[in-house]
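A.B. asks: predicted model follows, preceded by the sequence.
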Amino acid sequence: MGLRNYQTLLKFILLISPVFISYSIQARTIEKITIEQTGLALEDERDKLLASTCKKFNPSLNQIKFYFQKAYPIPGKLMAHDRYTPCYATGNIIYSDGFKAKWVLYSAGTAWLEWLDGGEIYLLYKKNKWLDPTAGMYDDDGQEY
(Lines give C-alpha, C1' and ligand atoms only; values in the text may rest on other atoms or scores of the structure.)
Protein backbone atom coordinates (compact mmCIF):
# COMPACT_ATOMS: atom_id res chain seq x y z
CA MET A 1 0.00 0.00 0.00
CA GLY A 2 1.43 3.33 -1.01
CA LEU A 3 1.66 6.37 1.22
CA ARG A 4 -1.21 8.07 -0.62
CA ASN A 5 -3.53 5.09 -0.10
CA TYR A 6 -2.54 4.92 3.58
CA GLN A 7 -3.34 8.62 4.07
CA THR A 8 -6.69 8.21 2.31
CA LEU A 9 -7.55 5.20 4.49
CA LEU A 10 -6.51 7.08 7.65
CA LYS A 11 -8.69 10.09 6.69
CA PHE A 12 -11.64 7.76 6.08
CA ILE A 13 -11.22 6.06 9.47
CA LEU A 14 -10.95 9.40 11.26
CA LEU A 15 -14.03 10.63 9.43
CA ILE A 16 -16.30 7.71 10.36
CA SER A 17 -14.95 6.90 13.86
CA PRO A 18 -17.03 9.62 15.63
CA VAL A 19 -20.17 7.96 14.25
CA PHE A 20 -19.25 4.62 15.83
CA ILE A 21 -18.03 6.17 19.07
CA SER A 22 -21.15 8.30 19.56
CA TYR A 23 -23.38 5.33 18.79
CA SER A 24 -21.66 3.08 21.29
CA ILE A 25 -21.83 5.52 24.25
CA GLN A 26 -25.44 6.63 24.00
CA ALA A 27 -27.32 6.02 27.23
CA ARG A 28 -30.51 4.05 27.14
CA THR A 29 -33.73 5.90 27.66
CA ILE A 30 -36.90 5.13 29.55
CA GLU A 31 -39.58 3.77 27.27
CA LYS A 32 -42.31 3.49 29.89
CA ILE A 33 -42.62 4.04 33.61
CA THR A 34 -45.68 3.44 35.78
CA ILE A 35 -46.50 4.13 39.41
CA GLU A 36 -48.35 1.44 41.35
CA GLN A 37 -48.48 3.10 44.78
CA THR A 38 -47.01 6.06 46.66
CA GLY A 39 -47.02 7.12 50.31
CA LEU A 40 -46.26 3.65 51.66
CA ALA A 41 -44.44 2.84 54.94
CA LEU A 42 -42.17 -0.15 55.67
CA GLU A 43 -42.72 -0.28 59.40
CA ASP A 44 -45.55 -1.82 61.36
CA GLU A 45 -48.90 -0.72 59.90
CA ARG A 46 -50.16 -0.13 63.43
CA ASP A 47 -47.82 2.87 63.73
CA LYS A 48 -50.34 5.52 62.70
CA LEU A 49 -47.91 8.46 62.97
CA LEU A 50 -45.40 6.80 60.65
CA ALA A 51 -48.12 5.82 58.20
CA SER A 52 -49.48 9.37 58.08
CA THR A 53 -45.95 10.80 57.69
CA CYS A 54 -45.13 8.49 54.76
CA LYS A 55 -48.43 9.28 53.03
CA LYS A 56 -46.83 12.66 52.24
CA PHE A 57 -44.32 10.94 49.91
CA ASN A 58 -46.11 11.29 46.58
CA PRO A 59 -43.56 11.86 43.80
CA SER A 60 -45.01 12.68 40.39
CA LEU A 61 -44.43 10.57 37.30
CA ASN A 62 -42.10 13.26 35.91
CA GLN A 63 -40.09 13.35 39.16
CA ILE A 64 -39.73 9.57 39.14
CA LYS A 65 -38.71 9.50 35.49
CA PHE A 66 -36.11 12.22 36.15
CA TYR A 67 -34.83 10.22 39.10
CA PHE A 68 -34.30 7.04 37.06
CA GLN A 69 -32.55 9.04 34.33
CA LYS A 70 -30.06 10.47 36.87
CA ALA A 71 -29.64 7.73 39.50
CA TYR A 72 -26.44 5.70 39.70
CA PRO A 73 -25.57 2.31 41.26
CA ILE A 74 -24.66 2.09 44.95
CA PRO A 75 -23.92 -0.71 47.45
CA GLY A 76 -26.99 -2.04 49.24
CA LYS A 77 -25.54 -1.00 52.64
CA LEU A 78 -25.94 2.65 51.70
CA MET A 79 -29.66 2.17 51.09
CA ALA A 80 -30.27 -0.04 54.12
CA HIS A 81 -28.25 2.01 56.62
CA ASP A 82 -26.91 5.45 55.65
CA ARG A 83 -29.96 6.54 53.61
CA TYR A 84 -32.64 4.49 55.38
CA THR A 85 -36.21 5.72 55.30
CA PRO A 86 -39.45 3.79 55.76
CA CYS A 87 -41.30 5.90 53.14
CA TYR A 88 -41.54 4.50 49.63
CA ALA A 89 -43.39 4.21 46.33
CA THR A 90 -43.58 1.29 43.88
CA GLY A 91 -43.94 0.81 40.15
CA ASN A 92 -42.54 -0.63 36.92
CA ILE A 93 -40.05 0.54 34.32
CA ILE A 94 -39.20 -0.48 30.76
CA TYR A 95 -35.98 0.78 29.17
CA SER A 96 -35.47 1.40 25.47
CA ASP A 97 -33.19 -1.66 25.25
CA GLY A 98 -36.08 -3.88 26.37
CA PHE A 99 -34.98 -4.47 29.97
CA LYS A 100 -37.92 -4.45 32.38
CA ALA A 101 -37.93 -4.08 36.15
CA LYS A 102 -40.09 -3.52 39.19
CA TRP A 103 -38.92 -0.61 41.31
CA VAL A 104 -39.18 0.52 44.90
CA LEU A 105 -38.26 4.19 45.33
CA TYR A 106 -37.56 5.54 48.81
CA SER A 107 -38.09 9.16 49.80
CA ALA A 108 -34.37 9.41 50.71
CA GLY A 109 -33.41 9.17 47.02
CA THR A 110 -32.50 5.48 47.00
CA ALA A 111 -34.19 2.84 44.91
CA TRP A 112 -34.17 -0.89 44.37
CA LEU A 113 -34.71 -2.34 40.90
CA GLU A 114 -35.60 -6.00 40.48
CA TRP A 115 -35.02 -7.05 36.86
CA LEU A 116 -37.80 -9.28 35.55
CA ASP A 117 -35.16 -11.55 33.97
CA GLY A 118 -33.35 -11.88 37.31
CA GLY A 119 -30.99 -9.76 39.37
CA GLU A 120 -31.28 -6.50 41.22
CA ILE A 121 -29.55 -3.17 41.59
CA TYR A 122 -29.56 -0.37 44.17
CA LEU A 123 -29.58 3.25 43.03
CA LEU A 124 -29.10 6.74 44.45
CA TYR A 125 -29.81 10.26 43.33
CA LYS A 126 -30.02 12.92 46.06
CA LYS A 127 -31.10 16.10 44.26
CA ASN A 128 -34.81 15.35 44.02
CA LYS A 129 -37.70 17.80 44.04
CA TRP A 130 -40.25 15.62 45.84
CA LEU A 131 -41.28 16.10 49.46
CA ASP A 132 -39.19 13.78 51.63
CA PRO A 133 -41.03 13.36 54.95
CA THR A 134 -37.87 12.03 56.65
CA ALA A 135 -35.37 14.59 55.27
CA GLY A 136 -32.51 15.48 57.60
CA MET A 137 -32.56 12.13 59.39
CA TYR A 138 -29.91 10.30 57.35
CA ASP A 139 -26.51 9.14 58.58
CA ASP A 140 -24.82 10.52 55.45
CA ASP A 141 -26.22 14.08 55.45
CA GLY A 142 -23.58 16.38 54.03
CA GLN A 143 -21.57 13.58 52.39
CA GLU A 144 -20.99 13.61 48.65
CA TYR A 145 -21.18 10.59 46.39
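C.D. replies: Perfect, I can see it now.
A.B. asks: okay, CA-based contacts and neighbour counts for the rest of this
C.D. replies: OK.
A.B. asks: report pLDDT for the closest residue in space to R28 that isn't next to it in sequence.
C.D. replies: Taking C-alpha to C-alpha, 6 or more residues apart in numbering as the measure, R28 lies nearest to S96, with 5.9 Å between them; neighbours along the chain are not counted. In this model, S96 is scored at 94, pLDDT.
A.B. asks: wait, S96 sits on I30?
C.D. replies: Yes. The pair formed by S96 and I30 meets the contact definition of C-alpha atoms under 8 Å, at 5.7 Å.
A.B. asks: in terms of neighbours, single out the busier of these two.
C.D. replies: The residue with the greater number of neighbours, taking S96 and I30 and applying other C-alpha atoms under 10 Å, is I30; the counts read 17 against 12.
A.B. asks: quick one: low-confidence parts of the chain?
C.D. replies: 1-26, 44-46, 139-145 (pLDDT under 70).
A.B. asks: strands of that one, residue ranges please.
C.D. replies: In the chain, strands defined by DSSP state E lie at 30-41, 72-74, 87-95, 100-106, 110-115, 120-124, listed in chain order.
A.B. asks: run through the neighbouring helices and strands of the fifth one.
C.D. replies: With contacts taken as 3 or more C-alpha pairs under 8 Å, 6 or more residues apart in numbering; DSSP states H and E, strand 110-115 sits against strand 100-106, strand 120-124.
A.B. asks: and if you look at the fourth one?
C.D. replies: Helices and strands touching strand 100-106, as assessed by 3+ C-alpha pairs under 8 Å, 6+ apart, comprise strand 87-95, strand 110-115.
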